[in-house]
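Enquirer: coordinates for the following, if possible.
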Amino acid sequence: MDSTLIYELRRPKQIEPDKKYTALFVMHGMGSNEKDMLSLVNGLEERFFIFSIRGPLEQPPGFAFFRIQGFGKPHRESFDQAVQRLTGFIDFAAETYPIYEGSMYLLGFSQGAILSMTLGLMLGNRIKGIIALSGYIPDFVKDEYSIKPVHQLSLFISHGEMDGVLPFEWGVANKELFQKLGAYVTFKTYQEGHTVSLQNFQDFRTWLLDFPGGLTH
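Expert: Reported below is the predicted structural model:
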């Protein structure tokens, strides 16, 4: 378990005894921080235990989860460490807070989306849903990581058609990979760059709150 990552926690004001809650793990992009992401989940705290996680590496003006060594090529060692630490953090949260392990969600933008999809592949059906905003899956993850079954996993994947940071085609590739693996995929595109538009924000929140089968245990 890894409890050393810095995070912001939002949760229901009234915690019911003996009840398990849905968890939402939120991961920011490069140069951002855990507080910036809270605007995307504002108002959801009555339905979720929300963990907005800070990347462990300094990346002015904020932080990062891993280093980049080339276009679409994360630095392997720092990426592996980020995946390991985030997996440990999920274990820590599940043991420390009243979380229903059958109802855990990941939400990430850019680096956060890259890691959310990677964790989905590694943890498989342990994760119930993923919201991946403008990310990609590194080649070494697809080729070398141990990928678990994802046939019970649902994803909301979005990408800007004019994204000048991470090409739109990478978003399409995300969709195709998860569909090939048998996951349930909602894929949305927007006439935007590398950002989360208002429409994208509204769409992923609608997807999350209307999730089939409900969100609480």
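
Enquirer: every contact and neighbour count from this point should use C-alpha atoms.
Expert: Noted.

Enquirer: give me the element the closest residue in space to Y145 that isn't next to it in sequence is part of.
Expert: Counting by Cα to Cα, 6 or more residues apart in numbering, Y145 lies nearest to M122, which is 7.4 Å off, once chain neighbours are set aside. Element membership for M122 (DSSP states H and E) is helix 111-123.

Enquirer: what do you get for K148?
Expert: Per DSSP H and E, there is no helix or strand for K148.

Enquirer: need the contact list for it.
Expert: 121-125 (Cα atoms under 8 Å, 6 or more residues apart in numbering).

Enquirer: mind running it again at 6 Å?
Expert: K148 is in contact with 121-122, 124, counting by Cα atoms under 6 Å, 6 or more residues apart in numbering.

Enquirer: tell me the most packed of those residues, by neighbour count.
Expert: Among these, the one with the most neighbours (other Cα atoms under 10 Å) is L121, at 24 neighbours.

Enquirer: which strands and helices lie in contact with the helix or strand bottoming out on mean pLDDT in the chain?
Expert: Least confident helix or strand, the chain: strand 68-70 with a mean of 90, by mean pLDDT, DSSP states H and E. Contacts defined by 3 or more Cα pairs under 6 Å, 6 or more residues apart in numbering; DSSP states H and E place strand 68-70 against no helix or strand at all.

Enquirer: which outside residues touch it?
Expert: Counting by Cα under 6 Å, 6+ apart, 74-75 sit against strand 68-70.

Enquirer: cool, stretch 14-24 as well?
Expert: For stretch 14-24, the surrounding residues in contact (Cα under 6 Å, 6+ apart) are 48-50, 98-100, 103-106, 216.

Enquirer: among the residues you listed, which one has the lowest pLDDT?
Expert: Among the contacts of stretch 14-24, T216 carries the weakest pLDDT, at 42.

Enquirer: for this structure, which strand is longest?
Expert: If you go by DSSP state E, the chain has its longest strand at strand 99-109.

Enquirer: re earlier: in the contacts of stretch 14-24, find the pair that's most separated.
Expert: Largest separation among the contacts of stretch 14-24 by Cα to Cα: P98 and L106, giving 17.1 Å.

Enquirer: the more surrounded of those two?
Expert: Just comparing P98 and L106: by other Cα under 10 Å the higher neighbour count belongs to L106, 25 against 18.

Enquirer: wait, isn't that one in contact with K128?
Expert: No. Assessed by Cα atoms under 6 Å, L106 is found out of contact with K128, at 8.5 Å.

Enquirer: all the helices of this protein, in order from the start?
Expert: Secondary structure of the chain (DSSP state H): helices at 38-41, 76-96, 111-123, 139-144, 168-180, 198-209.

Enquirer: of the ones you listed, which is nearest G55?
Expert: helix 76-96 (8.2 Å).

Enquirer: show me which positions of the closest one end up buried.
Expert: 76, 79, 82-83, 85-90, 93-94 (16 or more other Cα atoms under 10 Å).

Enquirer: over to stretch 176-191?
Expert: For stretch 176-191, burial by neighbour count (16+ other Cα under 10 Å) applies to 178-179, 183-185, 187-190.

Enquirer: got the CA positions of stretch 161-181 in CSV?
Expert: Written as CSV, here are the backbone C-alpha positions of stretch 161-181 (Å, rounded to 0.1, in the frame of the first residue of the first chain):
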residue,chain,number,x,y,z
GLU,A,161,-10.2,16.7,-32.9
MET,A,162,-7.8,19.6,-32.9
ASP,A,163,-5.6,18.4,-30.1
GLY,A,164,-2.1,19.7,-30.8
VAL,A,165,-0.5,18.0,-27.8
LEU,A,166,-1.8,14.4,-28.1
PRO,A,167,-3.0,13.6,-31.7
PHE,A,168,-6.7,12.8,-32.2
GLU,A,169,-5.8,9.5,-33.7
TRP,A,170,-4.4,8.4,-30.4
GLY,A,171,-7.9,8.8,-28.9
VAL,A,172,-9.3,6.7,-31.6
ALA,A,173,-6.7,4.0,-30.9
ASN,A,174,-7.7,4.0,-27.2
LYS,A,175,-11.3,3.3,-28.2
GLU,A,176,-10.4,0.5,-30.6
LEU,A,177,-8.1,-1.2,-28.1
PHE,A,178,-10.6,-1.4,-25.3
GLN,A,179,-13.4,-2.4,-27.7
LYS,A,180,-11.2,-5.2,-29.0
LEU,A,181,-10.6,-6.4,-25.4
